[in-house]
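> Give me coordinates for this.
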Amino acid sequence: MPEQMIQRIIERIVRIIKLDTKVYPEIAHDERATTEAAIVVVVAALFAAIGNAVGAHSIGRFFGSLITGVLISWLLWSYVTMFIGTRLFQGQATFWEMARTLGYANAPMILGILAVFGCVGGVIGIVAAVLSLIAGFFAVRETLELTTEKAIITILVGWVILIVVSVLVNMVF
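Modelled structure (predicted):
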């Protein structure tokens, strides 16, 4: 992975942490950011999956968390939020624009590795999910150019769908 790409990923994650909302349109319109977002998602999903598997002493939990983290949390959430935001609220974004910004919004899930520390890790995992949801809110609002209210509705409907699908996937594993 080129050093320039790593530097750009870190810089953008720092801007997201600082709540710099201008970073989302920048990511949305930068086609190079698709690979970067995928890297962020895969790293975050791997860390969270390791934390879940070690914490639960279950290799099945590892695969369930990995599938949930990559396929559901990123790709499905990107599609659902793009669909709701564009169809219901006339937002303007393509699937890949939404996927890029929501991919970066998954960065706080890297903290999921701390689930190896029992109940403290579980609390940190919840905090990471909330931080990811907050970053996702800004990603949706800025990428789709929605009002705060419309972005909240889009996020909530999207998360309900994701939770249902995630529960079903985790039941399989």
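
> unless I'm mixing things up, I13 is touching V40, no?
Yes: with contacts counted by C-beta atoms under 8 Å, I13 reaches V40, the gap being 7.2 Å. C-beta coordinates here come from the backbone N, C-alpha and C atoms, glycine included.

> residues shared between the contacts of these two?
Shared contacts of I13 and V40, defined by C-beta atoms under 8 Å, 6 or more residues apart in numbering, comprise 104, 107.

> Compare neighbour counts for the two and give me the winner.
V40 (24 against 18; other C-beta atoms under 10 Å).

> now the helix or strand harbouring I126: mean pLDDT?
Using DSSP states H and E, I126 falls within helix 118-144. For helix 118-144, the mean per-residue pLDDT is 87.

> right, and the helix or strand after that helix?
Taking DSSP H and E, what comes next after helix 118-144 is helix 148-172.

> Next, the buried residues of that following helix.
Residues of helix 148-172 classed as buried under the neighbour-count rule (16 or more other C-beta atoms under 10 Å) are 150-151, 153-155, 157-159, 161-162, 165-166, 169-170.

> tell me the angle of the helix holding I126 relative to helix 148-172?
130 degrees (axes from the mean of the first three to the mean of the last three C-alpha atoms, to 10 degrees).

> helices or strands next to helix 118-144 in the packing?
helix 23-29, helix 33-56, helix 77-83, helix 95-105, helix 148-172 (3 or more C-beta pairs under 8 Å, 6 or more residues apart in numbering; DSSP states H and E).

> export these to CSV and tack on mean pLDDT and distance to L131?
Formatted as CSV, the helices and strands packed on helix 118-144 follow (pLDDT from 0 to 100; distance: least, C-beta to C-beta, whole Å):
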stretch, mean pLDDT, distance to L131
helix 23-29, 97, 15
helix 33-56, 84, 11
helix 77-83, 94, 15
helix 95-105, 96, 9
helix 148-172, 86, 14
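
> which ones are touching T147?
Counted by C-beta under 8 Å, 6+ apart, T147 has contacts R141.
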